[in-house]
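Undergrad: show me the folded form of this:
(one chain, ligands or ions: 2)
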Amino acid sequence: MARVRPLRSPRRVLALVAGAAAALTLAACGGGGAGEADADTATAGDTAAAPAQEAATAGVRLARVRGGLGDALFITGAPGQPGRLFVVQQSGQIRILQNGKLVGRPFLDVSRLITSGGEQGLLGLAFHPDYARNGRFYVDYTNRSGDTRVVEYRRASATRANPSSARVLLGVDQPFANHNGGALAFGPDRMLYVGLGDGGSGDDPQNNAQNTNSLLGKLLRIDVDSRSGGRPYDIPAGNPFADGGGRPEIYAYGLRNPWRFSFDRARGDLWIGDVGQGSIEEIDYLARDTGAGTNFGWRAFEGRSVHIGGAQALEGPSRETPPVAQYTHAQGCSVTGGYVYRGSRVPALRGRYVYSDFCSGTVWSMRAGPNPGDVRRETGLGARLSSVTSFGESLNGDLYVIAGGSLYRFNRG
Ligand SMILES: [Ca+2]
Ligand SMILES: [Ca+2]
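TA: Ligands and ions are numbered 1, 2, ... in the order given. Prediction:
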């Protein structure tokens, strides 16, 4: 069924960058040095996903739902909209897949407002938990100057947004074109979480991720339902620097380029895929309501390995929280974080966090909280993926993955 797509066709190279080619680019321009030596150590020791530790699996199949989605890099359902999936195109459109058919007119088109290509573009979308009632949703893009904007919009109808409803919530200057993060999601606390990469280049030259006075290299948490201090949003009381010590929007820090994070819809736990420099890709986990102030370690650490400075180089109030899973570039190039499967279609994935790698297209799953572990490579999927840009969930918890411009759904095998 699924065609195996060449990794480096010109079109793919463009989409590649959608968050993922980071590792390739940086491997090319950075590489070498301490990071590489660390990676060798990691390869020998602690990769939880080493083939020898994997059990062959059965019971999971990928069904290709539709192709021709070009530079799609996210998909999600929306509250009150059963039967509809919203497809985010890097080049600036949000399109609607209605019962498997692509609606002709886009839901929203911001292509004139953005810079797209490489790791820039329309990168994230989240619907307000009360979207069915209030029609509000949020997008993350890089604007014409390459800087991050998080913007609220409102719908005009079930299938059309109102383009003139735009309200800019957050602007973050970007020093380099890569590592813009871009994922958005509402947590179980109804707050909007915003993922931001370290700003870019390689090895975080400005050390932004450890700097609690910078929004780069962070997971932010804001309350979009009220305002305070002249901001178009409020600062949740539990944010670690709400009363000083750093930017009050920060929830957790020490991230390199969180390419997709999600909340476990049953437990409320937070899962992050954080893209590595040139050697190690990682999965981070925080149990519900335990994460405020977490330091994920970048650039002092890459995965569980010392990168630049190790423990002595950590800033802010917290020691580093290591990943719950990692793999080296022997098995991929750039992690694509996914979701804890809570749907009903695939019993073999129930209660497991599913993730992949942009380059290798390998699909792994691991036992979800409270004690994550048991990484398993999913085999016998019936499709080979490459250029895996994102996972996504429908309203009812069906799990999807976008790879090479095609949309696949996880089915029972
Ligand atoms: Ca950047
Ligand atoms: Ca880390």
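Undergrad: any weak-confidence spans in this structure?
TA: For the chain, the stretches with pLDDT under 70 are 1-57.
Undergrad: 90 instead?
TA: The chain contains residues with pLDDT under 90 at 1-58, 99-100, 369, 413.
Undergrad: get me the contact residues on it for ligand 1.
TA: Residues of the chain lying close to ligand 1 by CB under 5 Å from the ion are 174, 176, 179-180, 199-200. In this view, the C-beta of every residue, glycine as well, is placed from N, C-alpha and C.
Undergrad: list just the nearest of those residues to ligand 2.
TA: The shortest approach to ligand 2 among the residues of the chain next to ligand 1 belongs to H179, at 14.0 Å (CB to the ion).
Undergrad: name the nearest residue to that closest one, sequence neighbours excluded.
TA: Leaving aside its sequence neighbours, H179 sits nearest to G197 (CB to CB, 6 or more residues apart in numbering; 3.1 Å).
Undergrad: give the contact list for the one you found.
TA: 178-181, 216-217, 255-258, 275 (CB atoms under 8 Å, 6 or more residues apart in numbering).
Undergrad: for ligand 2, see how far away it is.
TA: Using CB to the ion, to the nearest Å, G197 is found at 13 Å from ligand 2.
Undergrad: what packs against the longest strand belonging to the chain?
TA: When the chain is parsed with DSSP state E, its longest strand is strand 160-172. Here strand 160-172 touches strand 108-109, strand 148-157, strand 218-222, going by 3 or more CB pairs under 8 Å, 6 or more residues apart in numbering; DSSP states H and E.
Undergrad: most packed of those strands?
TA: With neighbours defined as mean count of other CB atoms under 10 Å, the helices and strands packed on strand 160-172 peak in mean count at strand 218-222, which reaches a mean of 26.
Undergrad: re the thing from before, among the contacts of G197, which ones are buried?
TA: Among these, those buried by neighbour count (16 or more other CB atoms under 10 Å) are 178-181, 216-217, 255-258, 275.
Undergrad: all strands of the stretch 201-350 of the chain, in order?
TA: Taking DSSP state E, counting those that start in this stretch to define them, one finds strands in the stretch 201-350 of the chain at 218-222, 250-253, 258-263, 270-274, 280-286, 301-302, 305-306, 325-328, 335-340.
Undergrad: turn those into a markdown table, including distance to A132.
TA: Listed next are the strands of the stretch 201-350 of the chain as a markdown table, based on distance: least, CB to CB, whole Å:
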| stretch | distance to A132 |
| --- | --- |
| strand 218-222 | 22 |
| strand 250-253 | 26 |
| strand 258-263 | 19 |
| strand 270-274 | 24 |
| strand 280-286 | 28 |
| strand 301-302 | 42 |
| strand 305-306 | 45 |
| strand 325-328 | 35 |
| strand 335-340 | 21 |
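Undergrad: okay if I get the ones you listed as CSV plus distance to ligand 2?
TA: Output for the strands of the stretch 201-350 of the chain, formatted as CSV (distance: least, CB to the ion, whole Å):
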stretch, distance to ligand 2
strand 218-222, 12
strand 250-253, 10
strand 258-263, 10
strand 270-274, 6
strand 280-286, 5
strand 301-302, 6
strand 305-306, 10
strand 325-328, 9
strand 335-340, 11
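Undergrad: between these, which one is closest to Q120.
TA: Closest to Q120 of these is strand 258-263 (CB to CB; 13.6 Å).
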